[in-house]
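# how would this look folded up:
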Amino acid sequence: MLIPLPLLVYNLYGLLSATYTLERDGLRLRWGLRGEDIPLQEIEWLRNAEELGFTLPLPAIRLPGAVVGTRNVEGLGRVEFMASDVNNLLLVATPRCVFVISPVDMRAFERAFRRAMEMGSLSPMAAYSTQPVIFLRQMLADRWVRILLAVSVFLLIGLLVVVALQLPGRELVSLGFDSDGLPREAGPVQQLLLLPALGVVVLLVDLIGGMFLYHRWKQHLIAYLLWGASGLTSLLLILAALQIS
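Numbering: from 1, shown residues only. Next up is the predicted model:
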C-alpha cells in the first residue's frame, strides 16, 4: 500500500510548486523537478484545447489536479502535459514539442502573450530544460548519497530478516510496556511485522524529505542527516527485535 506514496507526494509537490511565468523574453514552466524555459521567438502559437477541432488525448495515467505526462498526437507530434485542470487547457507550440498548461485565467494569459509578442524581446531568454531523471542522476552521482541510501536499504532488509527468523515456533509476543513499566499483555506474533513496516515508513519519509531538501533548498548536509536517520532507525529496530523474548 505504500508503493504509490512517492508518486502521490511528488505530484502534490509538483502541483504546489507549479508556475507559468510569462516574461517579455520568454515563458518559464515549472512543475516539480520538471523545468522548461522557452524563448519568446520559439513559441509558434498558443491555442485553447477547445479550438483544436478534436478531443485532445490525455495522459493514460493521471491524478486529480495533476495532468502530467507525454503523448504523441497526430497533427501535433509530441505533446507534454504540465497541467492541473482538464477543463482549462492551453497549448503552447514550439519546434520541439507542444506543451499543455492550465493557467488560472486563460484569457488574461493569452492577452499577456500577445502584448509580449507586440513589444518584442529585448534580450532572448536562454533555452533551458530539466527532467526529473536528470536530477536523480545528479543526486546519485554524489558518493555520500549512494552510501547512505545503500546502508539504509541494507539495514531495512536486515530488519526484515531478523523479524522473519523470530516468527517460526512462536505464537505470542509482547511489544512495549505499560505505565507501571511491566510488559504488555502478549499478542499474536504477527505484531512483530509492525517493526519492518515502521522501518519502511521512516525510509520513505526520509527519502522524500531528503530529496526535497537536496534539490529545492540545496541543503545537502540536512538531506544526508535525514537519509542517515532512516538507517539508524532500522538499526535500532533490529536491536529491539533481538531483545524481544
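
# give me the low-pLDDT residue ranges for this protein?
Residue ranges of the chain with pLDDT under 70: 2, 217, 245.

# now the strands for it?
19-23, 26-31, 34-39, 45-48, 67-73, 77-83, 90-93, 98-101, 128-130, 172-173, 187-188 (DSSP state E).

# who are the packing partners of the third one?
What that stands for is strand 34-39. Here strand 34-39 touches strand 26-31, strand 128-130, going by 3 or more Cβ pairs under 8 Å, 6 or more residues apart in numbering; DSSP states H and E. C-beta coordinates here come from the backbone N, C-alpha and C atoms, glycine included.

# okay, now the sheet partners of that strand, with direction.
If you go by DSSP bridges, strand 34-39 pairs up with strand 26-31 (antiparallel), strand 128-130 (antiparallel).

# mind listing what's buried in the last one?
Of the residues in strand 128-130, none has enough neighbours to count as buried (16 or more other Cβ atoms under 10 Å).

# please parse this structure into its domains.
5-130, 136-243 (automatic domain parsing).

# as a check, name the ranges of all helices in the chain.
Remark: helices assigned in the chain by DSSP state H are 5-17, 106-119, 132-140, 143-166, 194-216, 220-243.

# contact partners of the last one?
The contact list for helix 220-243 (Cβ atoms under 8 Å, 6 or more residues apart in numbering) reads 142, 144-145, 148-149, 151-152, 155-156, 158-159, 162-163, 166, 192, 195-196, 198-199, 202-203, 206-207, 209-211, 213-214.

# just stretch 200-217 next, same as before
With Cβ under 8 Å, 6+ apart as the test, stretch 200-217 has contacts from 2, 5-6, 9-10, 13, 33, 135, 139, 145, 149, 152-153, 156, 219-220, 222-224, 226-227, 229-230, 233-234.

# in PyMOL, how would I select just the buried ones from those?
Command for PyMOL that selects the buried part of those, burial taken from 16+ other Cβ under 10 Å:
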select buried, resi 9+10+13+33+135+139+145+149+152+156+223+224+226+227+229+230+233+234
